[in-house]
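Enquirer: pasting the structure only:
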């Protein structure tokens with residue numbers, strides 16, 4: 001009878017122990033939901049977030065809703081996690097990839113925090129259109145001005161992504177044209193002016209394109225478009241103002257030359273039908 005060397009047996013046992021430990025460490029969706037409903041920060045809660053990140057849009061309805069609610073609690077400071085940690089970005093990423101319409105208010109809230117929200121809202125397409133339109137034109141809702149401006153810029157980027165995806169109806173496209181025309185006809189914050197220009201060219205509309213051409217070719221027009229929002233006191237020109245004017249003209253010229261201007265569309269992996277809860 002052939003005997004298995006003792007060294008081989010020891011190696012097999014050494015490999016089996018970690019695998020058994022992994023089996024014990026696996027968390028079910030039901031367990032993750034229970035953990036996420038408790039606002040305390042625990043190792044189990046972090047494991048639940050890891051499970052949600054792993055499953056993405058394949059997660060069940062209960063887990064998706066639990067992740068959305070937990071993300072709200074995290075950004076509102078309702079957990080016992082110390083301030084200043086990067087954990088909130090894990091929640092934002094987890095929610096962004098769910099492709100769940102129930103996440104739309106949260107995604108609107110975190111638009112100032114990066115492109116994940118813009119891409120996630122575009123993934124939802126026309127389902128998110130109304131909320132994104134409101135965010136693109138709302139600058140005074142009790143939120144600090146800087147976040148409002150960044151939110152509007154992120155919303156305009158989400159609208160451009162929707163346009164590129166072909167997910168907007170003719171009626172929705174008409175509303176976007178009207179919005180962009182209004183934004184370009186008035187002075188704007190640089191963080192709004194740039195995505196508005198990109199969206200204007202993407203629309204392919206001759207009326208709104210004329211605003212882009214004026215900004216690209218006429219420095220006075222470009223300066224007027226950014227005044228008084230680039231001036232610290234509304235009148236005094238400083239190096240930041242001059243840099244803003246130069247940047248917006250560069251962007252307008254690149255767009256008219258057919259150059260793709262970042263940010264570019266980065267859809268999350270396809271998942272379930274967003275109309276299904």
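Expert: Received it, and whenever you're ready, just let me know what you need. No experiment lies behind these values; they were computed from the predicted model shown. Residues are numbered from 1 along each chain as shown.

Enquirer: What segments of the stretch 51-200 of the chain are helices?
Expert: With DSSP state H, counting those that start in this stretch as the criterion, the stretch 51-200 of the chain has helices at 61-75, 87-96, 104-109, 115-124, 129-137, 145-165, 170-185, 190-203.

Enquirer: Report pLDDT for the nearest residue to residue 169 once chain neighbours are set aside.
Expert: Closest residue to residue 169 apart from its sequence neighbours, by CB to CB, 6 or more residues apart in numbering: residue 126 at 6.5 Å. The way it works is simple: take the backbone N, C-alpha and C, and place the C-beta from them, glycine included. With respect to pLDDT, residue 126 scores 94.

Enquirer: if I look at the closest residue to residue 183 other than its chain neighbours, how far off is residue 171?
Expert: Among residues not flanking residue 183 along the chain, residue 196 sits closest, at 4.6 Å (CB to CB, 6+ apart). According to CB to CB, to the nearest Å, residue 196 stands 20 Å off from residue 171.

Enquirer: what about those two, which has more around it?
Expert: For residue 196 versus residue 171, neighbours defined as other CB atoms under 10 Å are more numerous around residue 196 (28 against 8).

Enquirer: Which pLDDT value goes with that one?
Expert: Taking residue 196 on its own, its pLDDT is 95.

Enquirer: Go ahead and flag the most central residue of this structure.
Expert: In the chain, the C-alpha nearest the mean C-alpha coordinate belongs to residue 117, at 1.5 Å (CA atoms, centre = their mean).

Enquirer: contacting residues for it?
Expert: Residues in contact with residue 117 (CB atoms under 8 Å, 6 or more residues apart in numbering) are 92, 96, 107-108, 110-111, 154, 158.

Enquirer: ok, and the most crowded of those?
Expert: residue 158 (31 neighbours).

Enquirer: Can you verify my assumption that that residue contacts residue 122?
Expert: Yes - counting by CB atoms under 8 Å, residue 158 does reach residue 122; the two are 5.2 Å apart.

Enquirer: Quick check: neighbours shared by these two?
Expert: Shared contacts of residue 158 and residue 122, counting by CB under 8 Å, 6+ apart, come down to residue 128.

Enquirer: how about stretch 245-261: buried residues?
Expert: Buried residues in stretch 245-261, counted by 16 or more other CB atoms under 10 Å: 245, 248-249, 251-252, 254-256, 261.

Enquirer: Centre of the chain to it, how far?
Expert: Once both centres are worked out by CA atoms, centre = their mean, to the nearest Å, stretch 245-261 turns out to sit 23 Å from its chain's centre.

Enquirer: Could you list the residues in contact with it?
Expert: Here stretch 245-261 has contacts from 190, 193-194, 197-198, 201, 212-213, 215-216, 219, 222-223, 225-226, 230, using CB under 8 Å, 6+ apart.

Enquirer: repeat for stretch 34-41
Expert: 27, 42, 44-45, 47-49, 63, 66-67, 69-70, 73, 78-81, 87.

Enquirer: Please pick the buried ones from those residues.
Expert: Burial by neighbour count, judged by 16+ other CB under 10 Å, picks out 44-45, 47-49, 63, 66-67, 69-70, 73, 79, 81, 87 from the contacts of stretch 34-41.

Enquirer: So what's the residue count around the nearest residue to residue 165 once chain neighbours are set aside?
Expert: For residue 165, ignoring the flanking residues on the chain, the nearest one in space by CB to CB, 6+ apart is residue 122 at 6.1 Å. As a burial measure, residue 122 scores 24 neighbours (other CB under 10 Å).
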